[in-house]
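1. Take a look and give me a structure for this.
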Amino acid sequence: MSNKTSLYSPHRASTIEQVRIRGGVSYRIRRWSAQKNAAFNAPPFLLVHGWMDVGASFQRCVDYLGAGRDVIALDWRGFGGSRASHLQDGYWFYDYYADLDAIIDHVSPEAPIDLLGHSMGGNIAMMYAGTCPGRIRRLINVEGFGLARTQPSEAPARLAHWLAQLKAPVSIRTFSNLQEVVDKLMRRSPHMEEGFAVWLAQQWAERKEDGCWHVVADAAHKRVNPILYRCDEALATWESIDAQVLWVEGDQADQTHWKDGRYTRQEFEGRLSKLKSFERMKISDCGHMVHLDQPAILAHAVERFLGA
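-> Predicted coordinates for the structure are as follows:
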């Protein structure tokens, strides 16, 4: 790290909990508790991260949120401090939906919550909100576009690919030192404050006995999913969402699904039109990792939307 790098420490402190859900799966949740003299009894606000990320990455965004409500971020199973219940050959979205349901029951057993999902987390949040509409009051989807439509004819090749991958070991990325981790995060999110990147690098990766820094994630996430994305089923859940939805995207996000032609912007706009009620926001000077590139702008938009 450069000697000129400003040190970062969280402006809003959190506590870590390990909760057991669904037959003993250990889930890590990070909680930023509401201040004791909060003026109103707001519902809990749950944050769910994307692929190869951790709940701690929302810390800088939470720094800018008001302290009038509990804010909770989870680590999905197989990421960060959450573990799978047994050796995994892969990870299934249906487990994520059930995990999310169990975590919501834990943080708010009776009342609906507000939910924000980024990328993969946004896709999961949308499906869940349409499946269990009574559990979500307001929903924020940050860069969760869904996936390209698949055809049944793709199933044999996809399944064969997965079976072939099971025969070979998979590994997670390692780095020689902490600076390499910081550099990786800064390349992914070039607008992120470097001081925060140093802090986040130590949540996203850990130093092990070999002296290297390892991304804190199960390598099985690297395997292809043998289950095809069922677009029509996903859209049926989108149509069933009762919550007000805020759609957020970065103006500099590199969306590879537009480039290969399998999933066009026009098709996405058609999907978005299926929602009963939504508003949208595009954030400038911002890539895919919106909560890292422009945490203050995102936080202010979230405060306005949740309090509207």
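2. alpha carbons only for contacts and neighbour counts from here, please
-> Will do.
3. pLDDT below threshold where in this structure?
-> For the chain, the stretches flagged by pLDDT under 70 are 1-5, 38-40, 85, 87, 255-259, 308.
4. just the helices in the stretch 101-250 of the chain please.
-> 120-131, 155-166, 178-188, 194-204, 231-239 (DSSP state H, counting those that start in this stretch).
5. for the ones you listed, which one ends up most surrounded?
-> Compared across the helices of the stretch 101-250 of the chain, helix 120-131 shows the largest average neighbour count, a mean of 24 (mean count of other Cα atoms under 10 Å).
6. between the helices of the stretch 101-250 of the chain, which gets nearest to residue 297?
-> Comparison of these against residue 297 by Cα to Cα identifies helix 194-204 as nearest, at 16.2 Å.
7. if we can go back for a sec, arrange the helices of the stretch 101-250 of the chain in TSV, one row each, with distance to residue 274 as further columns.
-> Below are the helices of the stretch 101-250 of the chain laid out as TSV (distance: least, Cα to Cα, whole Å):
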stretch	distance to residue 274
helix 120-131	12
helix 155-166	27
helix 178-188	31
helix 194-204	35
helix 231-239	5
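8. Show the backbone phi and psi for the residue nearest in space to the middle of the chain.
-> Against the mean C-alpha coordinate of the chain, by Cα atoms, centre = their mean, the closest residue is residue 49 at 1.5 Å. For residue 49, the backbone dihedrals (degrees, to the nearest 10) come out as phi -90, psi 180.
9. how close does it sit to residue 77?
-> Distance of residue 49 to residue 77, given as Cα to Cα, to the nearest Å: 11 Å.
10. do the same with residue 274
-> Residue 274 is 30 Å from residue 77, by Cα to Cα.
11. quick one, which of these two is more surrounded?
-> More crowded of residue 274 and residue 77, by other Cα atoms under 10 Å: residue 77, with 21 against 16.
12. State whether that one is indeed within a helix.
-> No: per DSSP: H, G, I helix; E, B strand; the rest coil, residue 77 lies outside any helix segment and is coil.
13. and the spatially closest residue to it that is not a sequence neighbour, what is it in contact with?
-> Nearest residue to residue 77, sequence neighbours excluded (Cα to Cα, 6 or more residues apart in numbering): residue 83, at 5.1 Å. Applying Cα atoms under 8 Å, 6 or more residues apart in numbering to residue 83 gives the contacts 25, 26, 27, 77.
14. And the last one, its phi and psi?
-> Put plainly, it is residue 77. Torsion angles, degrees, to the nearest 10, at residue 77: phi -60, psi 130.
15. who are the neighbours in contact with residue 176?
-> Residue 176 is in contact with 211, 212, 213, counting by Cα under 8 Å, 6+ apart.
16. what's the answer for residue 203, then?
-> 54, 56, 80.
17. give me the number of residues near the second one?
-> By other Cα under 10 Å, 22 other residues sit near residue 56.
18. Distance of it relative to residue 303?
-> Distance from residue 56 to residue 303, by Cα to Cα: 19 Å.
19. ditto for residue 68
-> Residue 68 is 11 Å from residue 303, by Cα to Cα.
20. okay, the two: which has more neighbours?
-> Between residue 68 and residue 303, residue 68 has the larger neighbour count (other Cα under 10 Å), namely 18 against 13.
21. I'd guessed the more buried one sits against residue 42; true?
-> Yes: Residue 68 is in contact with residue 42 according to Cα atoms under 8 Å; the separation is 7.0 Å.
22. Could you list which of the contacts of residue 83 belong to helices?
-> Among those, none falls in helices (DSSP state H).
23. can you pick the most crowded of those residues?
-> Neighbour max across the contacts of residue 83 (other Cα under 10 Å) = residue 27, 23 neighbours.
24. check contacts around the nearest residue to that residue once chain neighbours are set aside.
-> Nearest residue to residue 27 in three dimensions, chain neighbours excluded: residue 82, at 4.4 Å (Cα to Cα, 6+ apart). Counting by Cα under 8 Å, 6+ apart, residue 82 touches 25, 26, 27, 28, 75, 76.
25. Kindly provide the distance from residue 82 to residue 112.
-> Using Cα to Cα, residue 82 is found at 24 Å from residue 112.
26. first to last residue in stretch 222-238, what's the distance?
-> Taking Cα to Cα, stretch 222-238 runs 27 Å from one end to the other.
27. Please apply the same query to stretch 166-186.
-> The first and last residues of stretch 166-186 sit 32 Å apart, counting by Cα to Cα.
28. what do you get for stretch 100-120?
-> 13 Å.
29. Pull out the buried positions in it.
-> Neighbour counts over stretch 100-120 (16 or more other Cα atoms under 10 Å) mark 100-105, 107, 112-120 as buried.
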